[in-house]
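1. Test case, fold it:
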Amino acid sequence: MNFNTFRPSLKARIAHLSLAAASAAALLASGVAVVTAMPAQAAIARDVAQALKLRLPKTPIDALDCTTFAPWCEVVSGESLFYIDEAARYLFVGRLYDLEERRDVTAARLLELNPDLLAAGAARAESRTKAHSPEARTAPAKTLVDLSGLTKDGAVLWGNRKGPRLVVFSDFQCGYCQRLTGELEKAGVLVEERPISIFGTSSRRMSEGVLCAKDKAKALHAAYAGRAPSVPANCDVGEELDANEAFARANGFAGTPVIVRASDGAVLHGYRDAATLRKFAGAKPGTDQ
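-> Numbering: from 1, shown residues only. Have a look, this model is predicted:
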């Protein structure tokens, strides 16, 4: 038989799909959400779910994905995220990094699951790391700020040059910041984007690469796609980024994104859709958002 030209029959394909659906249904019946997979992956997920039930009987398993990071399975339990090998022997709690895309996969996933939790966690981590410095402590979150003290060179301008201006504080590893760029485009506003490093050193390097780029707007969108430019040896934007982060701390911006109306300094914390952004940007100064 020539395996290069062999194609499974319709009955065989239907049987394979039925087996995968049955395996997924068995997991869902036990209260676990599972990513749809081919039969082999579905069987692995089923076995891992059963092993977790036996070995961690007091830990609720809300979702299980054994396909995205194979041979590791991603496990969602309430507001927590951890990984376990396909044999369900080794459990890993910590950060998973994608070295090719240079991003913190765990941080992005946690943000999708619970952005409020991640922002709070980042604020606590920042506080613990720099507790010795009074200037580094984050103030209570403000809903109205004064933008006049920000440096011009710490921002990337993009979007509709004739539209109302919104100042956005963001992190290039923030999933909701990436989604926000599409809504900002649809809203037809001029964006003054100011990177801050919620996710640490890797975010800082991405921000440096964007601010040092010849075409900053192009580099910004590339960074959100996981292709941040490298930092030239002769470029130093540390002072500008420090100013952005100091401003964020002073005004209680513990998470990202944060959106500020340039006309009066009114603040929106978190992701918003295009309609909300358009209404907010076009409102008269002093109007409540």
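2. thinking V93 is in contact with F82, fair?
-> Yes. V93 lies in contact with F82 (Cβ atoms under 8 Å); the separation is 4.7 Å. Backbone N, C-alpha and C define where each C-beta goes, glycine included.
3. So which of the two has more stuff around it?
-> Ranked by neighbour count (other Cβ atoms under 10 Å), V93 and F82 place F82 first, with 18 against 11.
4. what's the helix or strand that contains that one packed up against?
-> Assigned by DSSP states H and E, F82 belongs to strand 80-85. Applying 3 or more Cβ pairs under 8 Å, 6 or more residues apart in numbering; DSSP states H and E, we find strand 80-85 packed against strand 72-77, strand 91-92, helix 105-113.
5. Return the per-residue confidence for the most centrally placed residue in the chain.
-> In the chain, the centroid-proximal residue (Cα atoms, centre = their mean) is G175; its distance is 2.6 Å. On the pLDDT scale, G175 is placed at 88.
6. got it, and the one 5 residues further on?
-> According to the model's per-residue confidence, L180 sits at a pLDDT of 95.
7. helix or strand right after the strand or helix carrying it?
-> Using DSSP H and E, L180 maps to helix 175-187. The first helix or strand that comes after helix 175-187 along the chain, using DSSP H and E, is strand 190-195.
8. which residues touch whatever helix or strand comes next after that following strand?
-> Sequence order places helix 201-212 as the next helix or strand after strand 190-195, per DSSP H and E. Helix 201-212 is contacted by residues 97, 102-104, 153-154, 156, 171-173, 195-197, 216, 219-220, 223, 228-232, 235, 237-238, 240-241 when judged by Cβ atoms under 8 Å, 6 or more residues apart in numbering.
9. Now, of those residues, which are buried?
-> Neighbour counting by 16 or more other Cβ atoms under 10 Å classes 102-104, 154, 156, 171-173, 195-197, 216, 219-220, 223, 228-229, 231, 237, 240-241 among these as buried.
10. Which of those residues fall within helices?
-> Counting by DSSP state H, the part of the buried ones among the contacts of helix 201-212 found in helices is 216, 219-220, 223, 240-241.
11. Just the closest of the residues you listed to L110, please.
-> A223 (19.5 Å; Cβ to Cβ).
12. and the gap between the closest one and V156?
-> Distance, A223 to V156, using Cβ to Cβ, to the nearest Å: 10 Å.
13. got any ranges where the stretch 1-150 of the chain has weak pLDDT?
-> 1-41, 100-102, 113-139 (pLDDT under 70).
14. before we move on, what about the stretch 151-289 of the chain?
-> In the stretch 151-289 of the chain, residues with pLDDT under 70: 286-289.
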